[in-house]
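Participant: The amino acid sequence is not available; the structure is as follows:
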């Protein structure tokens, strides 16, 4: 990046012009030229090249969308200013219209200068489209007349150009559509809420570490924060995925593997949320996909999308285990499938999360309607999930008898009102102490609780809207 | 007095530039300038006289000039005319 004098700027323009004439001669096609309107003596710098490349990418994208074939393109990075030249098979007036659309798409697009020349080398101007000339950087006058009048101080013009470059740099960080940001944020919120709701029998909550020695509430905050980026990536993958449901899963698995590494780094190798990462990652992708396809996402369509993504999961990932020796790296879920035939979270997801759709979500919403706080409604929904979940965390540590006992205990408290009654609250606090004493941690139910809350957020009136 | 030897061009039709074409003319016919510019009403005469003045500063008294202006400022016009003359007298 260095300053250039008038001579260099004028030489660069002639050089571009010669390259443009060469392209026209070579292809016998119109040429679209993208350059920058940069006042001042610095015409080429990293941010300016970035803006030019961005404009070139937008042009390519739009040309492709409109079925216009680009025969050749040239990128020029001269000191006199970067430029992109495209020989395009399209009507010149149509190309000019496309150029004007790009020149007016954002505030900073004022910095773009998109010229169109027909196959005879004649320029198509805005007046060919019956459009007025472009406005001055600073005032409402037409740019050329205003510039000649010299009425604005050069510093004022440079300041405006700088402000547009700042807008471009800011916009360049906004790499996803609004729905992806919304879904990602809600996925993180769901992970945090699940960790925070108290008392969560046997689980880490704000009061105690439940049946765990190696983790506490703060470790969950760390772990959830470490997984935030992963949730946004899963949402982005779901948003942009065009193929079949199952074709998305390998993409999510790879994103999830990155997330797992980040989680273990944040927790010093303690498995806080590995199961939840899988469940919530698929859910984020499903929700973003549903949001793209319909403006009002319903819980049922999100659950159906989860089922579509996970279609054949049990058959593909669990059934083959029966035919081969158990590897030492098998997950808890895999071992339990072999031992007890339970399909765990995979089965629940492939079935479209029936325990959430039919039980936990209605229970959570009833609890909210009955006036319970968010915390208390979450505990209530957790209890409901404990009555039905084939909780692999419990099975893994204690076996099927204890799981039946957990389900029965939760069911009995819930039928007495649970968090809705004073006695129910005391019983839940007692259950927490019992589970801590017996080292019972219903982690599977906890994961489903986060998912329940997430689906509630996506489905509710206040939920995200596409775009 | 300097004579133009051939037709020559300088400049481009990019915005804020001007494309100048100069060609030799019979002795005594003077400088004839054909100008197109988006600011013709306001600045047409100014641009024409600037071109003529620049030519005469190089001792050129007879020439046919075509100027296709895209909003160039005076310093650009002078520079483009200068280059066109240099190319036409080489």
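Facilitator: Looks like it came in fine. Owing to the predicted nature of the structure, the values given are computational and were not obtained by experimental measurement.
Participant: Point me to the helix or strand that includes residue A:115.
Facilitator: Per DSSP states H and E: residue A:115 is located in strand A:112-117.
Participant: What strands flank that strand, and is each parallel or antiparallel?
Facilitator: With DSSP bridges as the test, strand A:112-117 is paired with strand A:31-36 (antiparallel), strand A:123-124 (antiparallel).
Participant: Please identify the helix or strand for the closest residue to chain B within the stretch 301-450 of chain A.
Facilitator: Relative to chain B, the nearest point of the stretch 301-450 of chain A is residue A:305 (49.4 Å; CB to the nearest CB). Yep, even glycine has a C-beta here, placed from its N, CA and C like the rest. If you go by DSSP H and E, residue A:305 is part of helix A:299-309.
Participant: and the next element down the chain from that helix?
Facilitator: helix A:313.
Participant: can you give me the mean pLDDT across the helix or strand following that next one?
Facilitator: Going down the chain from helix A:313, the next helix or strand is helix A:332-340, by DSSP H and E. Helix A:332-340 shows a mean pLDDT of 83.
Participant: Same check on stretch A:190-209?
Facilitator: Mean predicted lDDT for stretch A:190-209 stands at 97.
Participant: so how far does it reach from one end to the other?
Facilitator: 19 Å (CA to CA, to the nearest Å).
Participant: Share the number of residues neighbouring the residue of chain B found nearest chain A, please.
Facilitator: As assessed by CB to the nearest CB, chain A sits closest to residue B:71 within chain B, at 3.5 Å. Around residue B:71 there are 23 other residues, counting by other CB atoms under 10 Å in any protein chain shown.
Participant: mind checking which of the strands paired with strand A:112-117 is nearest residue A:186?
Facilitator: The closest of the strands paired with strand A:112-117 to residue A:186 is strand A:31-36. By CB to CB, the value is 38.5 Å.
Participant: State which helix of chain B is the longest.
Facilitator: helix B:40-57 (DSSP state H).
Participant: Would you mark the buried spots in the helix holding residue A:305?
Facilitator: A:299, A:301-309 (16 or more other CB atoms under 10 Å in any protein chain shown).
Participant: what pLDDT, on average, does it get?
Facilitator: 96.
Participant: Tally up the residues packed near residue A:240, please.
Facilitator: 16.
Participant: and if you look at residue A:358?
Facilitator: 12.
Participant: next one: residue A:258
Facilitator: Counted with other CB under 10 Å, residue A:258 comes out at 12.
Participant: tell me the phi and psi of it?
Facilitator: phi -60, psi -40 (degrees, to the nearest 10).
Participant: what residues are up against the closest residue to it other than its chain neighbours?
Facilitator: Spatial nearest neighbour of residue A:258, excluding adjacent residues (CB to CB, 6 or more residues apart in numbering or on different chains): residue A:230 at 6.6 Å. By CB atoms under 8 Å, 6 or more residues apart in numbering or on different chains, the contact set of residue A:230 is A:255-256, A:258-259, A:262, A:277, A:281.
Participant: what about the residue of the stretch 101-250 of chain A found nearest chain B, is that helix, strand or coil?
Facilitator: In the stretch 101-250 of chain A, the residue that lies nearest chain B is residue A:144 (3.5 Å; CB to the nearest CB). Following DSSP: H, G, I helix; E, B strand; the rest coil, residue A:144 is assigned to helix.
Participant: Check whether it really touches residue B:42, as I assumed.
Facilitator: No. Here residue A:144 lies out of contact with residue B:42, judged by CB atoms under 8 Å, at a distance of 9.9 Å.
Participant: sorry, back to before: what sits against the nearest residue to the residue of the stretch 101-250 of chain A closest to chain B once chain neighbours are set aside?
Facilitator: If the residues on either side of it in the chain are set aside, residue A:144 comes closest to residue B:71, at 3.5 Å by CB to CB, 6+ apart. Counting by CB under 8 Å, 6+ apart, residue B:71 touches A:143-144, A:147-148, B:15-16, B:37-39.
Participant: JSON lines please, covering those residues and showing distance to residue A:425.
Facilitator: Shown next, in JSON lines, are the contacts of residue B:71 (distance: CB to CB, whole Å):
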{"residue": "A:143", "distance to residue A:425": "71"}
{"residue": "A:144", "distance to residue A:425": "76"}
{"residue": "A:147", "distance to residue A:425": "74"}
{"residue": "A:148", "distance to residue A:425": "79"}
{"residue": "B:15", "distance to residue A:425": "74"}
{"residue": "B:16", "distance to residue A:425": "75"}
{"residue": "B:37", "distance to residue A:425": "84"}
{"residue": "B:38", "distance to residue A:425": "79"}
{"residue": "B:39", "distance to residue A:425": "81"}
